[in-house]
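>>> have a look; sequence and predicted model below, questions after that.
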Amino acid sequence: MLSLLLTVLAPPTPADQAFTDYLADGDHDALVSTLDGVLDEAMAAVDPNALVDPKQAKKTLKSKSIDVLIAAAADRRLAEILPELPEALTKRCVEELRAIPSLHHALTPLVKPDEDDLNRAFSLALDIAQEAPRAFKGRNNPAALIAAMSVVHDTAYQDRINENIAESGSLRELVPFLLSLPARRTTMNGFLQLPPEALVHVVDLTIPASEGEWALTNYGARRGLTDLYHEVLYDWNHVLDGAPKELTRQGFSLRNVMNFGGVCADQAWFTTTVMEVRGIPAAVVVGRDATVGHAWVGWFEFAGRSARFNTDTGRYESYQKVPGLVKDPQTSGTIGEGRMGMLARFSTLDSKQRQLGRALRTVLRRVEDRMNLTSEAPTDEETEAVTPTTPTDRLNWIKALLAVAPSDPGAWDIVAAASQEGAFTNDTLNTFTDTLLVESSDAPDFALEVLEAMAEGLTDAERAGSILERVAGLLERNRPDLAARALLAAGDAFQAAGQQDEAGKRYERIASAYANDGPWVLDAVRRVLEVLDEQGRLAASGPAYVESIFSRVKKPEFMSSEWARQSNWYQLGMLLSETLSRTGRAGQGADVMRRLDGMLDRNGGLLERESNR
């Protein structure tokens, strides 16, 4: 009905007509061809250099041509997806989704066809929208919230918290609960102004709606929510003695975590869950120092027009300089805490900048397509030929994307992919590197993640290595764990180019300087052993080399065997035993294992060696 009313009020655009024709004849090639033309026309009306120039950018962002470009990009993206949908849902997307531009522009760029259940995601979004069609007007527009819910809860959402499984419960109850958050006084101010990319870290609740209500009843007016982490009693009996957790015995739930306590993962899950029901994007962060794994709290802390991913709560001293990982609610994969830091910054951008940033990603895909075209004379059927774009055009649009949304993690993924193709000169590469380091000043692991990807595809190993070593030098003082990771990537670049000696130098630097700074020393030592093996020197030098590193690693104290087995000390000891056995010294390898099994925890318990290691 809404689509019909819009048609009466305004004549159909070329895009409207193309979608209508597609529903009638199913000719997807014709749909794509028309929408490519619409997008090309919208691109021609926008000068990417004007978006880069500070004197012109503000005026350009407010122009009608930008709105046209955003709409054209969303329609082109939708056209890619439609063949994957059932016929009835395709019709709904054309007639209902496109009639709600705010939802269309939030959901369509967000979905990941290779990761999401497209049928469930679009159906859920449209079913929710159908219940309140008038809600998509004004400041309290729920489009971003609905988009986030649709890509997270397109499958039954759950999370593993150590030995327990936490589940979201019935969507019939959870969806109304989440939709009620904006109207509650307990919810963070500006909740609905957050982008869907951030809201996925709110709607990924792994509790039933009833427990959400319990949390709001008990903590809805609470300030200092991060204190909850330490209010959950720590189960020392489990950690030191290996006794079963009372929480698990009683049944895992939000209430029982507070009633019976748990370990770090339970503390972090409880705290972040309460934050989420208050409308604050939050996530459990996990990491490992040289001794053992740990979980702490990460949340979006807003201060005026700035934001950061605050990971201070529960992050004890030995974890201050180790990389943290977070679960991606949309894909169930893991992402670095630095990407979350960039996402927090991205959340503070103007909504038009965020929308344009998403649109420019589609623009760049179109630019790539047009770079592969050859210029042809018009035919009788076509009055105009498509003009191929050039590498310079692509570079200008990439610069525009970084100017519009410099904190968009997806923008830097595009930069990394183009770099792998050798698209940039040294000067351009250095400029982008400098920009990245500035934009990710409080998210250095994200910078390293992107730079690793940028260097991965470079055929010049020395060029790739120099980029990564430069970053390692910048990180060496404040983040030695990331410096070690950068050196590992530099070594891998040289190894891939067949320069084993240069690779070995980087690996040995990690082993000698960063043995107690995160897990990277294990990878570095294994790489050195591979080099020695390829050079025929494993038997002569391998055991002594591993022994020299093993002797410098700190031995864990006061923990049960379950935890101690994660330590660098234990893992390197086992690697030493394996290396001795591989080189014909099985007896000495067995002696090493006896040393490991002789390590006592505080209560005198023996380390139990895993038979498969």
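Thanks, I have it. Numbers count the residues shown, from 1 in each chain.

>>> partners of the longest strand seen in the chain in the sheet?
Using DSSP state E to define each element, the chain has its longest strand at strand 293-303. The strands that strand 293-303 pairs with in its sheet are strand 282-288 (antiparallel), strand 306-310 (antiparallel) (by DSSP bridges).

>>> worst-scoring helix or strand of the chain, pLDDT-wise?
When the helices and strands of the chain are scored by mean pLDDT, DSSP states H and E, helix 2-9 comes last with a mean of 51.

>>> what stretches of the stretch 351-500 of the chain score poorly on pLDDT?
For the stretch 351-500 of the chain, the stretches flagged by pLDDT under 70 are 374-386, 457-459.

>>> let's see it at 50
The model of the stretch 351-500 of the chain has pLDDT under 50 over residues 375-378.

>>> can you give me the helices in it?
Listed in chain order, the helices of the stretch 351-500 of the chain (DSSP state H, counting those that start in this stretch) span 351-371, 391-404, 409-420, 426-439, 444-456, 461-475, 480-496, 500-513.

>>> roughly how far out does the longest one sit from the chain middle?
Think helix 351-371. Offset of helix 351-371 from its chain centre (CA atoms, centre = their mean, to the nearest Å): 20 Å.

>>> output the contacting helices and strands for it.
In terms of contacts (3 or more CB pairs under 8 Å, 6 or more residues apart in numbering; DSSP states H and E), helix 351-371 is packed against helix 28-44, helix 54-61, helix 64-81, helix 391-404, helix 409-420. For glycine as for every other residue, the C-beta is placed from the backbone atoms N, C-alpha and C.

>>> tell me what the shortest one is packed against?
When contacts are defined as 3+ CB pairs under 8 Å, 6+ apart, helix 54-61 sits against helix 48-52, helix 351-371, helix 391-404.

>>> try it again at 7 Å.
Judged by 3 or more CB pairs under 7 Å, 6 or more residues apart in numbering; DSSP states H and E, helix 54-61 is in contact with helix 48-52, helix 351-371.

>>> what sits up against it?
50-51, 66, 352-353, 356, 403 (CB atoms under 7 Å, 6 or more residues apart in numbering).

>>> contacting residues for Thr271?
Going by CB under 7 Å, 6+ apart, Thr271 touches 225-226, 228-229, 297, 313.

>>> so for it, what's the pLDDT?
Thr271 carries a pLDDT score of 98 in this model.

>>> and the angle for the helix or strand hosting it with strand 293-303?
Assigned by DSSP states H and E, Thr271 belongs to helix 264-277. Inter-element angle recorded for helix 264-277 and strand 293-303: 20 degrees (by axes from the mean of the first three to the mean of the last three CA atoms, to 10 degrees).

>>> and among the strands paired with strand 293-303, the most buried is which?
Among the strands paired with strand 293-303, strand 282-288 has the highest mean neighbour count (mean count of other CB atoms under 10 Å), at a mean of 24.

>>> what about that one, distance to the chain center?
Computed by CA atoms, centre = their mean, the chain-centroid distance of strand 282-288 equals 12 Å.

>>> what comes into contact with it?
So strand 282-288 is in contact with 201, 265, 268-269, 272, 275-276, 293-299, 311, 319, 322-327, 337, 340, 519, 566, going by CB under 7 Å, 6+ apart.

>>> tell me the mean pLDDT over that strand?
On average, strand 282-288 scores 94.

>>> on that earlier part again, mind putting the helices and strands packed on helix 351-371 into JSON lines with mean neighbour count and distance to Gln250?
Output for those, formatted as JSON lines (neighbours: other CB atoms under 10 Å; distance: least, CB to CB, whole Å):
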{"stretch": "helix 28-44", "mean neighbour count": "18", "distance to Gln250": "55"}
{"stretch": "helix 54-61", "mean neighbour count": "12", "distance to Gln250": "55"}
{"stretch": "helix 64-81", "mean neighbour count": "21", "distance to Gln250": "45"}
{"stretch": "helix 391-404", "mean neighbour count": "20", "distance to Gln250": "51"}
{"stretch": "helix 409-420", "mean neighbour count": "21", "distance to Gln250": "40"}
